[in-house]
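> Below is the sequence, then the predicted model.
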Amino acid sequence: MTTLTIHDLDTAPQESQDFLAKSLKANGRIPGLHGVLASAPGLLEGYQKLHELFVNSSFDKEELTVVWQTINVEHECHYCVPAHTGIAHMMQVDAALTEALRNETAMPTAKLQALHDTTLAMVRNRGNLTDEEVQAFYAVGYGERQLLEIVLGLSQKVISNYVNHIAETPVDTVFEKFAWQKA
């Protein structure tokens, strides 16, 4: 078991303290992931910036959830799947969508299914999509911007999923009720 430090405002490197204070202000607490990321100030800053950019992308709350959870589930992130389940509830995303993502069942619409399929193909094939996969994505109304924004979301999730694997970050108390294991 790897044990990495989960910092708070008192233990974090000076360069991370403003970023942790930002997390505290935004969440009312410092998420365990952010506490771990604080050991590498540039990584914490990068993660927060990628998160901000992805949240402000062209995707709506359901689409953000599809991209995040598709990646989290494929990467088997014990921390991010429960966290993003809770976040989806806070964003008032339909619980049926969240459960479909957690259980790897069909999406409720063809458009969300195409987003899920494209995101999954992007993860599994390291960005190598076939012409058919790209055309199927475009056929449901997405464009180049959204295709590239999947890469933005994936960049954020690689940071969190990989760090949580290395650190075995404990699930935050607020998200424990959404605990998850890959079927």
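Done, it's in.
> ok, which stretches of this protein are helices?
For the chain, helices defined by DSSP state H occupy the ranges 14-27, 32-37, 41-55, 61-74, 80-90, 95-103, 110-124, 131-139, 144-167.
> Name the residues that touch the fifth one?
Think helix 80-90. With contact meaning C-beta atoms under 8 Å, 6 or more residues apart in numbering, helix 80-90 is reached by 31, 33, 61, 65, 68-69, 72-73, 95, 97-98, 102, 157, 160-161, 164, 171-172, 174-180. Bear in mind the C-beta positions are built from the backbone N, C-alpha and C, glycine included.
> Could you measure from the spatially most central residue of the chain over to Gln181?
The centre of the chain sits closest to Trp68, judged by C-alpha atoms, centre = their mean, with a distance of 3.9 Å. Relative to Gln181, Trp68 is positioned 18 Å away (C-beta to C-beta, to the nearest Å).
> Low-confidence stretches in this structure?
By pLDDT under 70, the low-scoring segments of the chain are 1-2.
> before we move on, back to that, buried among the contacts of helix 80-90? Make that a ChimeraX selection.
ChimeraX command restricting the contacts of helix 80-90 to the buried ones, with burial defined by 16 or more other C-beta atoms under 10 Å:
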select :31,33,61,65,68,69,72,73,97,98,102,157,160,161,164,171,172,175,178,180
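> Would you format the helices of the chain as CSV with distance to Thr3 included?
What follows is the helices of the chain, written out as CSV (distance: least, C-beta to C-beta, whole Å):
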stretch, distance to Thr3
helix 14-27, 19
helix 32-37, 10
helix 41-55, 18
helix 61-74, 22
helix 80-90, 19
helix 95-103, 27
helix 110-124, 28
helix 131-139, 40
helix 144-167, 8
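> So Lys157 sits against Tyr79, correct?
No: the criterion here is C-beta atoms under 8 Å, and Lys157 misses it with Tyr79 at 11.4 Å.
> Outline the domain layout of the chain.
7-56, 59-178 (automatic domain parsing).
> quick one: the closest residue to Tyr47 other than its chain neighbours from Glu45, how far?
Take Tyr47 and drop its neighbours on the chain: the residue closest to it by C-beta to C-beta, 6 or more residues apart in numbering is Ile159, 4.9 Å away. Distance, Ile159 to Glu45, using C-beta to C-beta: 11 Å.
> Leaving out chain neighbours, which residue sits closest to Glu149?
Ser57 (4.4 Å).
> That neighbour and Ile150 touch, don't they?
No: if you go by C-beta under 8 Å, Ser57 and Ile150 don't touch, sitting 9.4 Å apart.
> With that, I have no additional questions.
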